[in-house]
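Undergrad: Give the three-dimensional model of this entry:
(one chain, ligands or ions: 1)
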Amino acid sequence: MPRRRILDELRNPPPVVLPSLLLCDFGNLAAEVKAVEAAGARAFHLDVMDGNFVPNITYGMPIVEAVRRASDLPIDVHMMVSKPAAFVDEIIDAGADIVTIHAEATDDPRPILEQIRKRGALASLAINPPTPVEAIADALPLCDMVLCMSVMPGFGAQQFEAVALDKLRALRSLRSDLLLEIDGGVNASTIAQCTAAGAQMLVVGSAIFKKPAPYADSLAELTRLAASGTQ
Ligand SMILES: O=C(CO)[C@H](O)[C@H](O)COP(=O)(O)O
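TA: Numbers count the residues shown, from 1 in each chain. Next up, the predicted model:
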């Protein structure tokens, strides 16, 4: 999908709950993707971890390609890797529509963000809980999205860190058109605070994949609660 159309679609209310496939059943990946899409998902979130930037290893291009084959929905790839510049082209070739790199992984993210945009994908910068908004001020004009992590990246099912909410508010006051995403510990108890602080993109792992409820019920309830935070 072209960059402009994806941006317009994701900015549309209600807020977008993105299932984080980190916690899905990888033995049935295509079926999981189709099930979450049928349940009402508007985009997917994929966590690429290299065992160096974060203390965990997940997957790379083959899984992004497999998700791309199973669905036409936007794919949001969160690159938790030490050398993002080396992989952004391959990740986009594999099917990523949004590519998020970490501010902490590079001295200057601007050339990488430019490269992502040049390739027609949405460029996004992530900051970990200890990283202040000021650290990315120079790169903001090149960002379509900023991801405020509400846990230290690496694992699902961690406790939500509210410091991310202050950063969402600060970013929203700096740029009204910026897509804002939050990831980590987002669930039925925390999601309304996230949208009230300005997040439109809510990454959710365990509150979808580790619940006994059908995906459609979890997604509908999380979307309802997310929308309640914007009123
Ligand atoms: O990026 C991540 C971890 O680094 C995951 O996307 C995130 O933690 C989702 O899981 P949960 O909703 O269970 O916190």
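Undergrad: Just the terminal-to-terminal distance for stretch 177-192.
TA: Using C-alpha to C-alpha, to the nearest Å, one end of stretch 177-192 lies 20 Å from the other.
Undergrad: Relative to the whole chain's centre, how far out is it?
TA: Put simply, stretch 177-192 sits 9 Å off its chain's centre (C-alpha atoms, centre = their mean, to the nearest Å).
Undergrad: And stretch 44-52, by the same measure?
TA: Worked out by C-alpha atoms, centre = their mean, stretch 44-52 lies 10 Å from the chain centre.
Undergrad: What residues of it count as buried?
TA: Phe44, His45, Leu46, Asp47, Val48, Met49, Asp50 (16 or more other C-beta atoms under 10 Å). Heads up, the C-betas are built off the backbone N, CA and C, glycines and all.
Undergrad: ok, residues contacting that stretch?
TA: The contact list for stretch 44-52, computed with C-beta atoms under 8 Å, 6 or more residues apart in numbering, reads 18-22, 33, 36, 56-60, 63-64, 67, 71, 73-83, 87, 91, 96, 153-154, 183, 203.
Undergrad: Which of these fall within helices?
TA: Val33, Val36, Ile63, Val64, Val67, Ile91 (DSSP state H).
Undergrad: OK, contacts around the second one?
TA: Okay, so that is Val36. Pro19, Cys24, Phe44, Ile208, Tyr215, Leu219.
Undergrad: Can you select the buried ones from the contacts of stretch 44-52 in ChimeraX?
TA: To isolate the buried subset of these in ChimeraX, counting by 16+ other C-beta under 10 Å, use the following:
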select :18,19,20,21,22,33,36,58,59,60,63,64,67,71,73,74,75,76,77,78,79,80,81,87,91,96,153,154,183,203
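Undergrad: Which members of the contacts of stretch 44-52 occur in strands, if any?
TA: Counting by DSSP state E, the part of those found in strands is Leu18, Pro19, Ile75, Asp76, Val77, His78, Met79, Met80, Asp183, Val203.
Undergrad: So what pairs up with the closest residue to the fourth one other than its chain neighbours in the strands?
TA: Setting aside the residues directly before and after it, Asp76 is nearest to Ile98 in space (C-beta to C-beta, 6 or more residues apart in numbering), at 4.1 Å. Each beta-bridge partner of Ile98 is listed here, defined by DSSP bridges: Asp76, Leu122.
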